[in-house]
Structures are given as C-alpha cells and as structure tokens.
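**Student:** take a look and give me a structure for this.
(one chain, ligands or ions: 1)
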Amino acid sequence: MPTTTTASAATKTTAAPAAAKSAKQPKPLPKPNSDFYEFAADLAAEELAIVKKARDYLETKVQPIINKYWIEDSFPFELLPSFKELKLAGVGKQGYGCPGGSPLLVGLLAMEMARTDASFATFFGVHSGLAMDSIYLNGTEEQKQKWLPQMARMEKIGCFGLTEPLVGSGTAGGMTTTAKRDGDTWILNGQKRWIGNAPWCDISIIWARDVADNQVKGFIVENKTTPGFSVEKMEGKIALKVVQNGQITMKDCRVPDANRLSGGQGTFRDTALVLRGTRHLASWEITGTQMGAYENALKYAQERLQFGRPIGSFQLVQELLAKMLGNIVACQCMLVRTVHLEAQGKLTDSHAALAKAFTTSKARETVSWARESLGGNGILVDYNVARFFADTEAIYSYEGTYQMQTLIVGKAITGFSAFVH
Ligand SMILES: Cc1cc2nc3c(=O)[nH]c(=O)nc-3n(C[C@H](O)[C@H](O)[C@H](O)COP(=O)(O)OP(=O)(O)OC[C@H]3O[C@@H](n4cnc5c(N)ncnc54)[C@H](O)[C@@H]3O)c2cc1C
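**Tutor:** This is a model prediction of the structure:
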C-alpha cells in the first residue's frame, strides 16, 4: 500500500506566491513504492509479516552501515547475531530445523534483501540457497539430519565451490578439480575461484570430478579443520564488495565418504538441480536490486532542485523513472509466474534460465537510468544508487552468464544445442 511523504525541497519551490495558497498545507508527495502492482499482497498474512520483519531489519540495521562496508570491501560480521534471530536461513525448505514457507516467500525475501543491499542478499543466497540446497536436494537422510539444522540456526555458514580459475561457464564438461576414492575417504585436489563466503565460512560444498567414472560429485568439506584446504580472499572487486569471495586451494584434502553427497545421482545433474533453483533466486535478487536503485532515484528526483524546481517535475526525468518502473514490474510479473510453476513442480532449467537472462538484462538498463537520473551524484556511494549500479554487473554474470542462460533457452526452444561439447 503506497504511503505519502512530504518533500520539503519540492514544496519550497512550488509554493505559490499568493498568501491564501501559501497558508495551505504542502501537498504530500507519494512515497517511492516499487511494488506498483501490489503483488506482495498475494502472500498469506503470516508470510507477509515475515517479509515486513525482514524489511524492517534491512532498513534499520543494514542500510545505515552498508555503504561503509561496501567501500571497505569487508563483511558486517557485527550483524550476524541479530540476523540469526530472524530465523530465515533455510526458508522454503521443510523439516530439518528449516522455517519452511512458500516459493513466493523465498523469492520475496531475496528481493527484499537485495532492495537494500545486493551483497547481503548474495551472502544469504549462497548460504541458504546454494549450500543448503546442495544438501537438501542431494544429501542422504543422515546428511540432512546432521548438517541442515545447524545451518538453519546459522551456527555453521556454508559456501558453494563450483567455478575454477580456468573453468567458469564450462564446468559441466571441463572441471579440473579431482576426487579420488581411497577406502572410506576421498582425496580432493584442485582450485575453486570466486567462492562467496569462502574466506570465513565453516562448510564448503565442493564439486569435483571423480577420476574413476569421470562424473562430477559433491562433497561437504569442513574447511576449517581439513588439512590441505586453504582460502585466499579475492581483492579489488568493483561489485558486490561486501560479499567475501575466495580462491580455494585443495592439496590432498581427505574427506570421509560419509560427506559425499550421495542422495542424488552422483553426476553433474545434481549440481544443475541446485542451480535451477538458485538461478531463479538470482532473478529475484536482481529485481530487488532494481527496486532499490529506482526507489533511491525517485526519492532524489522529488528532492533535488534544478532551475528552481524538483527534477522529478521534468518530463524527461519522469520518463526515466517510468521506464525503470516498467522494467521492475515486468520482472516481478515474470517471477510471479515462475514461482507458480515452481510451486507446481513444473519449473524447468529453461524457465529459470529465461528469468535470469531477462531480469538481469533489464536490470542493467534500470540501474543505469537510475544512475543517470542522479547526475554526478549517481557515481557517489553516499547516494545509494552507485552501489546497485555496480552490483548489477556481478549478478549479470554469476550463477551462469547471460550467454549461458540464453544457450539453455535456445536449446529448449529450437531443439538444437549450441553448447560446445
Ligand atoms: C561476485 C561473484 C560471486 C560468485 N560466487 C560464486 C560462488 O559462490 N560459487 C561459484 O562456484 N562461483 C561463483 N561465481 C562464479 C560465476 O558463477 C562465474 O563468474 C560465471 O559462471 C562465469 O564464469 P567465468 O567468470 O569464468 O567466465 P567465462 O566462463 O570465462 O566467460 C567469459 C565470457 O565468455 C562467455 N562465454 C563462455 N562460453 C561461451 C559460449 N560457449 N558461448 C558464448 N559465450 C560464452 C561468457 O558468457 C562470458 O561473457 C561468482 C562470480 C562473481 C562475479
């Protein structure tokens, strides 16, 4: 439900000279509202309350400090104790200490987090999505009982190691990290790169090629206590700077067979199953990123004066804002449909891929229009649009690049695979 606010800058300049008019109360301006078609209203009341609780947390605890951490390239560990109290980790998963919830709730929470900060949403998505989903979807009953409850309580934080220094898009066929069975243990060797949360987390899901059957298999590695496992924090990023990405090196790391994800097929299909869900989640995150950029741009347009008037009163600025909102609503509508497909168990890899390709490409437009509408201040972190502008680039590429998503869709609609085999 949109509320109203008073824009002091705007009213100062539009006040009419006549005494009778100036005595009137200033007309309240609409508060920026990026849920223009009110689709959060589709949530059940108790789930809406969870989204509101998350919004309140993000606006009061994350927003005030996040620019500082973004500039410093560091993670706000100070937030972890209070964030755990929200009990959101494992949302959408049933049992094993997870909070449950509908697919729409999972999506809206990801969107809500990214609306304030895409890095925070990514940190959460890596733990609650990529890492926990790997165990939830591909673990044995025993593995789920052992690992998921402590991850849901966020006593143990997870990461997901798929990408390698020399193999990114081509991991399905070209993975170089190896797993060799030796009695009751597996020996892992290789490197992983770009791994979110890796420099500080407790549990790493490592995907490696079994030298015996050449198939990709997943392993739960207790990285802080496994000899031969080391992580170097990646420096110099210009996007998602709050997320700590690491380069992992594994030298003869021994992992018990009990930690091999053996509830799935033991092939790359297990990895792809996790990615189907998390690519869908990334589409929600990038939609939230657009919402954050738009709302901050709109607020600015209501307050910033040029030529003695709020820039939001200029037609060309209004066009930028309307185009941003159009992109956001288009993405939201698409995701409401994909979430229905997911709830019915009908979401395919190509459905998720189209959502990721479409929403991330629209986001690049949206955040650049938001940046543009702030003029020079659009490149200053303090004005809360530059961060969304930069972070969008990373989301455009992670969880499979735009080109990879497009190839998945292309294969599904034409019947021809354009992948290199
Ligand atoms: C901030 C961030 C966080 C990340 N977090 C994680 C994580 O937690 N875990 C993890 O495992 N990975 C993570 N990644 C890695 C991410 O998934 C990869 O960056 C992505 O899959 C692309 O791989 P690449 O960077 O090696 O690019 P490349 O695969 O080298 O691709 C380079 C370019 O070539 C294009 N290209 C490649 N092959 C083809 C083709 N056949 N046809 C057309 N174009 C092609 C790509 O689309 C891209 O534009 C993260 C990345 C970033 C940036």
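
**Student:** could you look up the SS state of whichever residue of the chain sits closest to the ligand?
**Tutor:** Nearest residue of the chain to the ligand: Gly168, at 1.7 Å (CB to the nearest ligand atom). In this view, the C-beta of every residue, glycine as well, is placed from N, C-alpha and C. Judged by DSSP: H, G, I helix; E, B strand; the rest coil, the three-state class of Gly168 is coil.

**Student:** what's the burial count for it?
**Tutor:** Using other CB atoms under 10 Å, Gly168 has 17 other residues around it.

**Student:** so what's the residue nearest to Lys362 when sequence neighbours are not counted up against?
**Tutor:** With sequence-adjacent residues excluded and distances taken as CB to CB, 6 or more residues apart in numbering, Lys362 is closest to Asn327, at 4.3 Å. Residues in contact with Asn327 (CB atoms under 8 Å, 6 or more residues apart in numbering) are 290, 362-363, 365-366.

**Student:** quick revisit: how close does the residue of the chain closest to the ligand sit to Leu162?
**Tutor:** Going from Gly168 to Leu162 by CB to CB, to the nearest Å gives 9 Å.

**Student:** before we move on, what about Ile195?
**Tutor:** From Ile195 over to Leu162 the distance is 8 Å, taken as CB to CB.

**Student:** helix or strand right after the longest helix seen in the chain?
**Tutor:** As assigned by DSSP state H, the longest helix anywhere in the chain is helix 268-303. Downstream of helix 268-303, the next assigned helix or strand under DSSP states H and E is strand 305-306.

**Student:** that next one - contacts with which helices or strands?
**Tutor:** Packing partners of strand 305-306 (3 or more CB pairs under 8 Å, 6 or more residues apart in numbering; DSSP states H and E): helix 8-14.

**Student:** with adjacent residues omitted, what lies nearest to Asn197?
**Tutor:** Once flanking residues are discounted, Asn197 sits nearest to Cys159: 4.2 Å by CB to CB, 6+ apart.

**Student:** secondary structure element for the one you found?
**Tutor:** Secondary structure assignment for Cys159, by DSSP H and E: strand 158-161.

**Student:** repeat for Lys180
**Tutor:** Under the criterion of DSSP H and E, Lys180 resides in strand 178-182.

**Student:** now do Ala412
**Tutor:** helix 402-414.

**Student:** quick one: that helix to helix 268-303, angle?
**Tutor:** Taking axes from the mean of the first three to the mean of the last three CA atoms, to 10 degrees, one finds that helix 402-414 is oriented at 120 degrees with respect to helix 268-303.

**Student:** get me the contact residues on the stretch 101-250 of the chain for the ligand.
**Tutor:** By the rule CB under 6 Å from any ligand atom, the part of the stretch 101-250 of the chain lying against the ligand is 126, 160-163, 168-169, 194-196, 240, 245.

**Student:** and whichever strand or helix holds Ala390, how far out from the chain's middle?
**Tutor:** Assigned by DSSP H and E, Ala390 belongs to helix 386-397. The chain centroid and the centroid of helix 386-397 are separated by 11 Å, computed with CA atoms, centre = their mean, to the nearest Å.

**Student:** tell me the mean pLDDT for that helix?
**Tutor:** Per-residue pLDDT values over helix 386-397 give a mean of 98.

**Student:** just the CA atoms of that helix, as CSV, please.
**Tutor:** The C-alpha coordinates for helix 386-397 follow below in CSV (Å, rounded to 0.1, in the frame of the first residue of the first chain):
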residue,chain,number,x,y,z
ALA,A,386,26.0,3.7,-7.3
ARG,A,387,26.2,0.5,-5.2
PHE,A,388,23.2,-1.0,-7.0
PHE,A,389,24.6,0.1,-10.4
ALA,A,390,28.0,-1.7,-9.8
ASP,A,391,26.5,-4.7,-8.0
THR,A,392,24.2,-5.5,-11.0
GLU,A,393,27.2,-6.3,-13.1
ALA,A,394,28.2,-9.2,-10.9
ILE,A,395,24.7,-10.6,-10.7
TYR,A,396,24.5,-10.4,-14.5
SER,A,397,27.5,-12.8,-14.7
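
**Student:** would you mark the buried spots in that helix?
**Tutor:** Neighbour-count burial for helix 386-397, counted by 16 or more other CB atoms under 10 Å, picks out 386-397.

**Student:** near the ligand too, which of those?
**Tutor:** Among these, the residues within reach of the ligand (CB under 6 Å from any ligand atom) are 394, 397.

**Student:** how many residues are close by the nearest residue to Trp200 once chain neighbours are set aside?
**Tutor:** Using CB to CB, 6+ apart and skipping the chain neighbours, the partner closest in space to Trp200 is Gln244 (6.1 Å). Other residues near Gln244 come to 23 when the count uses other CB under 10 Å.

**Student:** and the residue of the chain closest to the ligand, how far from Ser373?
**Tutor:** Gly168 is 34 Å from Ser373, where distance means CB to CB.

**Student:** surely Asp133 meets Val274?
**Tutor:** Yes - counting by CB atoms under 8 Å, Asp133 does reach Val274; the two are 4.9 Å apart.

**Student:** does Gln94 belong to a helix, a strand or coil?
**Tutor:** Relying on three-state DSSP, one would call Gln94 coil.

**Student:** and it, what does it touch?
**Tutor:** Taking CB under 8 Å, 6+ apart, we find Gln94 in contact with Gly100.

**Student:** where do the strands sit along the chain?
**Tutor:** 4-5, 29-30, 158-161, 178-182, 185-196, 203-210, 216-222, 229-233, 245-256, 305-306, 309-310 (DSSP state E).

**Student:** return the most buried member of the ones you listed.
**Tutor:** Greatest average neighbour count among the strands of the chain goes to strand 158-161 (a mean of 29), per mean count of other CB atoms under 10 Å.
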